[in-house]
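In: Got a predicted model here, sequence first, then my questions.
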Amino acid sequence: MAVETASVDFTFHPNSNPMPEADRLKAFENLGFGTLFSDHMAVIRWSMDRGWHGAEITARAPFPVDPASAVLHYAQEIFEGMKAYRSAEGKAVLFRPEENARRFNESARRMSMPELPEDLFLQAVEKLVQADAKWIPTGEGSLYLRPFMFASEAFLGVRPAREYIFCVIASPVGPYFKGGAKPVTIWATAKYTRAAPGGTGAAKCGGNYAASLVAQAEAQAQGCDQVVFLDAAEHKWVEELGGMNVFFVMDDGSLVTPPLGGTILPGITRNSLITLARDEGLTVHERPYSFEDWKADAESGKVKEAFACGTAAVVAGIGTVKFPGGEFKINGGETGEVTLKLREKLVSIQRGQSNDQHNWVQAIPGL
Ligand SMILES: *Cc1c(COP(=O)(O)O)cnc(C)c1O
């Protein structure tokens, strides 16, 4: 679907009814995750004959959606998740945004959707943050950015749609898990899987999440925060959580994380932590790790710590794992030292508070 897009200029239509400052500051006092939204959104449209066009920053508002829109029937939808932080020097910064732009197109290819030139993706994100810079919370919070694309063509036949809408919205957020650094409890489902070989596990598409919700509900019914999925083929290997990758810290100081290979979402947090751990002199093995080994190693003390990671929650220690017929604890149910150290290292780079030796942090011009 390569339609050449010569050049796309964004038009700016300021929101004529922005949230009053006092209301915004009040809302900032008690930030949750994904409940409050900024004044604007970025939109770019795509059609078969025009390619990418109509780029704008405009007031955040509902889209008129035709009841026959392809996304409502066949779920052609992909998204990204990234954050803008207020750095120690007061700049607005993004963390490895070009990785999100690149991954977005990998998802687009898997879902037969048009690729968005990376430069346009990055411009949309930057221009939205520029328009809504006052929505970046200071302190612990950040402005969560949600780029996404969906098939908007009104057509019920089964083929890739010929019209799409790309959009970025922004949501000021506090900590993802209430209770801060408290470790999470996870449920290993025996019934459901997230991604099969040849499927869409490596694409960041809404459909993967739709399919994971019933397992997440099962986890909650078991008193757990999150679900961990095992592989679909053998139901043996640990893959990832519904929206986070997973790491294990072994008693020899090495780290283990399941290898990418089509069924696991290639997390940017995962990739960054592998690099940071290696910077620290730790060995990181990307290798299959079975649930049986995890259980045995937790009991014998061979696995010292476990944690989940992703943009929204950054790094969350895993304290307890429950499964049908039992449970085990890791590190006595507490978040471990290596986990805390890696979390601290990553967070301080993301917030522009420490040496960014890999040039991961990008300041948004003019802010
Ligand atoms: C987004 C996502 C992750 C984490 O990716 P990051 O780039 O680190 O935010 C992990 N697993 C799934 C299924 C995801 O959708």
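Out: Received it, and whenever you're ready, just let me know what you need.
In: can you list the residues of this structure near the ligand?
Out: Proximity of the chain to the ligand (CB under 6 Å from any ligand atom) is limited to residues 81, 204, 240, 243-245, 265, 267-270, 310-311. (Each C-beta comes from the backbone N, C-alpha and C, glycine too.)
In: Which members of those define the maximum pairwise distance?
Out: Of all pairs drawn from the residues of the chain next to the ligand, the widest gap by CB to CB lies between Gly81 and Glu240 and measures 14.6 Å.
In: can you give me the helices in this structure?
Out: Remark: helices of the chain, listed N- to C-terminal, are 21-28, 70-74, 97-110, 118-131, 206-221, 268-279, 291-300, 337-350; assignment by DSSP state H.
In: Could you identify which of those is most buried?
Out: The highest mean neighbour count among the helices of the chain, using mean count of other CB atoms under 10 Å, belongs to helix 118-131: a mean of 21.
In: now what about it, what contacts it?
Out: Counting contacts by CB atoms under 8 Å, 6 or more residues apart in numbering, the residues outside helix 118-131 that touch it are 5, 8, 10, 12, 14, 38-42, 44, 52, 55, 57, 82, 84, 92, 94, 97-98, 100-102, 104-105, 136, 143, 145, 147, 166, 168-170, 364-367.
In: In the stretch 51-200 of the chain, what residue lies closest to the ligand?
Out: Per CB to the nearest ligand atom, Gly81 is where the stretch 51-200 of the chain lies closest to the ligand, at 5.3 Å.
In: just the strands in the stretch 51-200 of the chain please.
Out: 51-59, 77-79, 82-86, 92-95, 142-151, 163-173, 184-188 (DSSP state E, counting those that start in this stretch).
In: Mind listing the residues bridging to the residue nearest to Val361 when sequence neighbours are not counted?
Out: When the adjacent residues along the chain are set aside, Val361 lies closest to Val93, with 5.0 Å between them (CB to CB, 6 or more residues apart in numbering). The bridge-partner assignment for Val93, based on DSSP bridges, gives Tyr85, Ala363.
In: quick revisit: burial check on the residue of the stretch 51-200 of the chain closest to the ligand, number of neighbours?
Out: Around Gly81 there are 19 other residues, counting by other CB atoms under 10 Å.
In: Return the residues in contact with it.
Out: Contact partners of Gly81, counting by CB under 8 Å, 6+ apart, are 100, 144-146, 204, 310-312.
In: and the helices of the chain as JSON lines, adding mean pLDDT?
Out: Converted to JSON lines, the helices of the chain look like this (pLDDT from 0 to 100):
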{"stretch": "helix 21-28", "mean pLDDT": "96"}
{"stretch": "helix 70-74", "mean pLDDT": "98"}
{"stretch": "helix 97-110", "mean pLDDT": "98"}
{"stretch": "helix 118-131", "mean pLDDT": "97"}
{"stretch": "helix 206-221", "mean pLDDT": "97"}
{"stretch": "helix 268-279", "mean pLDDT": "98"}
{"stretch": "helix 291-300", "mean pLDDT": "98"}
{"stretch": "helix 337-350", "mean pLDDT": "95"}
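In: Skipping adjacent residues, who's closest to Gln357 in space?
Out: When the adjacent residues along the chain are set aside, Gln357 lies closest to Asp279, with 7.7 Å between them (CB to CB, 6+ apart).
In: likewise Ser16?
Out: Using CB to CB, 6+ apart, the nearest residue to Ser16 is Ala59, at 7.0 Å.
In: My guess is the one you found contacts Asn15. True?
Out: Yes - the pair Ala59 and Asn15 passes the contact test of CB atoms under 8 Å, sitting 3.8 Å apart.
In: ok, these two, which is more surrounded?
Out: Under the neighbour definition other CB under 10 Å, Ala59 and Asn15 were set side by side, and Asn15 has more, 17 against 13.
In: and the more buried one, what does it touch?
Out: By CB under 8 Å, 6+ apart, Asn15 lies in contact with 39-40, 58-60.
In: What does the residue positioned nearest the centre of the chain show for phi and psi?
Out: For the chain, the residue sitting closest to the mean C-alpha position, by CA atoms, centre = their mean, is Gly81 at 4.1 Å. Main-chain dihedrals, Gly81, degrees, to the nearest 10: phi -140, psi 130.
In: per-residue confidence for it?
Out: We have a pLDDT of 98 for Gly81.
In: How about the contacts made by the residue nearest to Gly207 when sequence neighbours are not counted?
Out: Closest residue to Gly207 apart from its sequence neighbours, by CB to CB, 6+ apart: Ala75 at 4.6 Å. With contacts defined as CB under 8 Å, 6+ apart, the neighbours of Ala75 are 205-207, 210.
In: cutoff 10 Å now
Out: Remark: with contacts taken as CB atoms under 10 Å, 6 or more residues apart in numbering, Ala75 is in contact with 111, 150-151, 200, 205-208, 210.
In: Noted, bye for now.
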